[in-house]
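# this one's structure only:
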């Protein structure tokens, strides 16, 4: 084999350019990629490359497209199995610059970053089914732009691209520091600050959640667990008396359909529990109501709790025996009215009581699959969700953030439902019953006892769900309750995280929010996923996932050039009125500076010596402006009660500024006129501002008020 001879098919009729051979070093045609080069005789091992054979017309077409893309800054890079994104960008005239170290077959275990959801493995087969000639042309175009700047990044993982190193005209599909709401710990912490952003209660759309690594939150969880057990006892008594015990009815169904997979409820020889169990539950609930009304402020810390710690252990054991083992409570009929009265008061202050049920089930979640103790959270499980034909489901809803300052949120009009494969029951804690993620349910076969109306693929579109609601006369509640509830939960969550996310203008991000629907059709936010899966695992996702990707490109690309461009299924649901001004970092700009910023700079003086010119190259000669002076007249008031505390009370602080005309007494010489626009801009920039403490403070006089000093 000699240099210049390239084995392969189709040599006849194809024109091979010498320049093309040099450009395509390392690129072979698809038919010969899997054929290894044979070693030569001796110790030297050489590989000979067979470049694709491109006709003259196709070569000129590729070169024209590449030149146009470079001129219009339309070079993109995609890392991950996103064939729809690649096709959409290429249709808009973009040319792909392949990212380094990117193999054609990706590892599904490492590329699935949507925690708890299906992997992207199903998308890999779509990229393999390509036309050989078209792929060779794309390889050529990618080779031609290998040294060009990428202006659009789409990656699966956020850390694949360093957003801080990007230029202003480079776009990426991720924001930095967005883990404040895409992780379980971050979501738990940020939603507690909702009261500072909106007059709303996070307990109305987010199940109660606690961090087990924080001692105070761990104790709060223990108190909540005990209080929920007391409420469960009261609910059990009322439902038992009224004959509508859902727990017992579902228990009979579960025992009949379990086929021996679960143990039956134990029959105890002593089926009676003392009535003091109800009295303890009533007392704990009443104390909680009094604490909310601040009726317990006179109780000292030395006062012993109403229920000692050793009595709590016995209470929880009796609670488990009643609810889970079926034991009876003595004289529970006499306490029904008191239980109803307390429960009615608890419903006014506990918005999640209708979802809690009577089993007191909590779910423990690791944050980002970590085993660190401080990263575990415990969350109240929704025991009484809305069921479709007796089966549990959740909702995957997409939304898009195109700006964080001002916050701009787009909501996708379509979503899809994910079902479990087994009928719902709290008598078993099997994952096939309670977890609706496709990555879990795909390993189970649908139960034979499931309603035949449910899909075999365990997915519904929102239109199918609306048809199911319409069958029961509740179709209007979708637009009236479900959709506004999801939009409100998303907006309020993003508002709490706005200060922590880096608001890069050229970035955007598509998120996937998971919701549970309550029996009153109110949505409950479970988590928010970054890089939601786009796998075409079912017929529903095969239609929706490509559509949401194409519509994302419409919003982030088409709308940049035409504000009236079609946005597909995305609708703008929130945009802040004004940009939030943030204080500048002290590390970047000093708080006090001795010299003002000049209005203009004079012409640089040149010296006859080249060495002096080199030393003076970076120096700037300014006119000797008089420094601006700012005097601060402050009256400080010292309280005797606060003498031992490091706190100063400043009732009135007056910042006295000189006349703006005297800020710059020296005007520019006539030979160097300064444009009015520059003068006005510089003047406004040099004026003091809360976010730009530029002027120098020569002296700050602090003296106590005469009246205060005389009084003390």
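Nice, thanks for sending it over. All values derive from a computational prediction rather than experimental measurement. Numbers count the residues shown, from 1 in each chain.
# where do the strands of the stretch 51-200 of the chain begin and end?
For the stretch 51-200 of the chain, the strands defined by DSSP state E, counting those that start in this stretch cover 75-79, 95-96, 152-155, 171-172.
# does anything pack onto the third one? Which helices or strands?
Contact partners of strand 152-155 among helices and strands, from 3 or more Cβ pairs under 8 Å, 6 or more residues apart in numbering; DSSP states H and E: strand 75-79, strand 171-172. The C-beta positions use only the backbone N, C-alpha and C, and glycine is treated the same way.
# neighbouring strands for that strand, and are they parallel or not?
strand 75-79 (parallel), strand 171-172 (parallel) (DSSP bridges).
# okay if I get those as a markdown table plus distance to residue 159, mean neighbour count and mean pLDDT?
Formatted as a markdown table, the strands paired with strand 152-155 follow (distance: least, Cβ to Cβ, whole Å; neighbours: other Cβ atoms under 10 Å; pLDDT from 0 to 100):
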| stretch | distance to residue 159 | mean neighbour count | mean pLDDT |
| --- | --- | --- | --- |
| strand 75-79 | 11 | 21 | 96 |
| strand 171-172 | 12 | 22 | 95 |
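# with distance to residue 507 as added columns, please give those in JSON lines.
Formatted as JSON lines, these follow (distance: least, Cβ to Cβ, whole Å):
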{"stretch": "strand 75-79", "distance to residue 507": "14"}
{"stretch": "strand 171-172", "distance to residue 507": "5"}
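# which SS state does residue 320 fall under?
helix (DSSP: H, G, I helix; E, B strand; the rest coil).
# that one: neighbour count?
14 (other Cβ atoms under 10 Å).
# mind checking pLDDT for it?
For residue 320, the model assigns a pLDDT of 93.
# flag the shaky bits of this protein, pLDDT-wise.
Low-confidence segments of the chain (pLDDT under 70): 1-54, 101-133, 244-270, 295-305, 367-374, 578-712.
# domain map for it?
The chain breaks down into these domains under automatic domain parsing: 1-174, 181-207+382-575, 209-363, 627-711.
# and the residue nearest to residue 478 when sequence neighbours are not counted, helix, strand or coil?
Of all residues not flanking residue 478 in the chain, residue 466 sits nearest, at 5.2 Å (Cβ to Cβ, 6 or more residues apart in numbering). Put simply, residue 466 is helix when judged by three-state DSSP.
# quick one: contacts for residue 492?
191, 194, 197, 198, 200, 202, 205 (Cβ atoms under 8 Å, 6 or more residues apart in numbering).
# report how many residues lie close to the third one.
It refers to residue 197. When neighbours are defined as other Cβ under 10 Å, residue 197 has 16 of them.
# likewise the fifth one?
Neighbours of residue 200 under the rule other Cβ under 10 Å: 16.
# I figured it hits residue 194, correct?
Yes. With contact defined as Cβ atoms under 8 Å, residue 200 counts as touching residue 194 (5.9 Å).
# other residues contacting the helix or strand where residue 338 lies?
Residue 338 is part of helix 336-349, with elements assigned from DSSP states H and E. Under the criterion Cβ under 8 Å, 6+ apart, residues 231, 234-235, 237-238, 241, 278, 282, 285-286, 288-289, 292, 353-354 lie in contact with helix 336-349.
# doesn't residue 399 belong to a strand?
Yes. Counting by three-state DSSP, residue 399 is found in a strand.
# what bridges to it?
In beta-bridge terms (that is, DSSP bridges), residue 399 pairs with residue 411, residue 511.
# separation between it and residue 410?
Here the criterion is Cβ to Cβ, to the nearest Å. By it, residue 399 lies 6 Å from residue 410.
# who's more crowded, those two?
residue 410 (25 against 22).
# sorry, back to before: surely the residue nearest to residue 478 touches residue 477?
No. If you go by Cβ under 8 Å, residue 466 and residue 477 don't touch, sitting 9.6 Å apart.
# any of the contacts of residue 492 buried? List them.
191, 194, 197, 200, 202, 205 (16 or more other Cβ atoms under 10 Å).
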